[in-house]
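> here's a sequence, model it:
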Amino acid sequence: MYQPTRNFSDKLFLFIKGLAMGAANKVPGVSGGVVAFVTGFYEEFIYSLQKVNAKAFMLLVKRGFNVFYQYINGKFLVLLLSGMVVSYFSVSKLLDYFIEKKELYVWAAFFGMIIGSIYYIAKDFHHWNRKTLSFLVMGTIAGISISFLSPARENDNLIFVFFCGIISVSGMTLPGLSGSFILILLGNYVLLLVDSVNALYDTMAEVMRGDLSFIDNTRRLHTLKILAVFTLGSATGLVTLSHLLSYVLKHYKNITLATIIGFIAGSLGVVWPWKKTIYRTSESGAILIDSAGNPIIRNYERYLPDPASPETWIATGFILVGIGILLVLEWYGKRNKRHG
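Numbering: from 1, shown residues only. Next up, the predicted model:
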């Protein structure tokens, strides 16, 4: 099924993969599950999460933490999830900066990475028949359809936030389905992946300075409560979805992989580099903002690139860079197998 992590190099690269997966999860249109797939730990990730079950907690109670930790492949999960957490406060913030300053080039690089990931996954899939082709088409249609839905309004109801947590981890467990883009469609991307994360970051920084003034900040406490509920929903979603995916991978692996390839292909519409954001406006034409002062997204308008523009050719170069990154990952994976 999978090989356990053994040496320091494996551990370091697994942490780095967690960084990449966390950053991908935060970018709308990009799926952290794709990172898991192309870097070769997707099945281990799903099967390890699937081990977090009633039997695991019985082992924890009866036989102690070490047995529980070994049963759930704890070393793997801790390294990977630690990378994701660190990413949310470092790599993903860097991505936020570049998306704000050089949005076209960032989307172009991700567009290329997704093209590369389609090649990576599809090249070794040799089970094409009428059934798998049907699921490929359905996956592609679903991916494209999601990209053209209009975002809803922000909603901080805690039950809805918990539901958003469950949905948001879909990108970690289902390659090609972007959890962060789904949060945009649900209206809560800024609230849950920007405002609440920044609130936690600011609070931790204040506590380290000995400043506890946030205790009297009602707005901050409410945002932290939202983050806690969202995190609980995400953990719930990870475990429940992993059990479902573990079952379908075991019993319906070929059609599952065909559907995943379709999802990823369909998600190209979400990360198409040449697009502009359309915001909700009032009757007077003023851009509407949410409770945190952020403009409310209505949809995205996609357009064809201008061949005469230097930006177009620079963006095309970034697409090739994105494809190249996936080819390097493929080379690295083959090299590891030869020396493993």
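> show me where this structure has strands.
275-279, 297-302 (DSSP state E).
> between those, which one is closest to L221.
Each of the strands of the chain has some distance to L221 by Cβ to Cβ; the shortest is strand 297-302, at 27.0 Å. Where C-beta positions appear, they are placed from N, C-alpha and C, glycine not excepted.
> what's the span of stretch 26-40, first residue to last?
Taking Cα to Cα, to the nearest Å, the first and last residues of stretch 26-40 lie 21 Å apart.
> what is the mean pLDDT for that stretch?
The average pLDDT for stretch 26-40 rounds to 74.
> before we move on, what about stretch 204-214?
According to the model, stretch 204-214 has a mean pLDDT of 87.
> list the contacts for the residue lying closest to H243 once chain neighbours are set aside?
Closest residue to H243 apart from its sequence neighbours, by Cβ to Cβ, 6 or more residues apart in numbering: Q50 at 5.4 Å. Q50 sits next to S242, H243, L245, S246 when contact means Cβ atoms under 8 Å, 6 or more residues apart in numbering.
> how does it look with 10 Å?
Under the criterion of Cβ atoms under 10 Å, 6 or more residues apart in numbering, the neighbours of Q50 are 56, 72-73, 239, 241-247, 249-250.
> now N217
Neighbour list for N217: A199, D202, T203, E206, T223, L224 [criterion: Cβ under 10 Å, 6+ apart].
> any quick PyMOL command for the buried ones out of those residues?
Applying 16 or more other Cβ atoms under 10 Å to those, the buried members can be selected in PyMOL as follows:
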select buried, resi 199+203+223+224
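> need the max-distance pair from the contacts of N217.
So, the contacts of N217 by Cβ to Cβ: farthest apart are E206 and T223, at 13.7 Å.
> what's the burial count for R63?
12 (other Cβ atoms under 10 Å).
> my read: it touches F57, true?
No. Using Cβ atoms under 10 Å, R63 is not in contact with F57; the gap is 11.1 Å.
> let me know how buried A205 is, in neighbour terms.
A205 is flanked by 10 other residues according to other Cβ under 10 Å.
> any idea how far D211 is from it?
9 Å (Cβ to Cβ, to the nearest Å).
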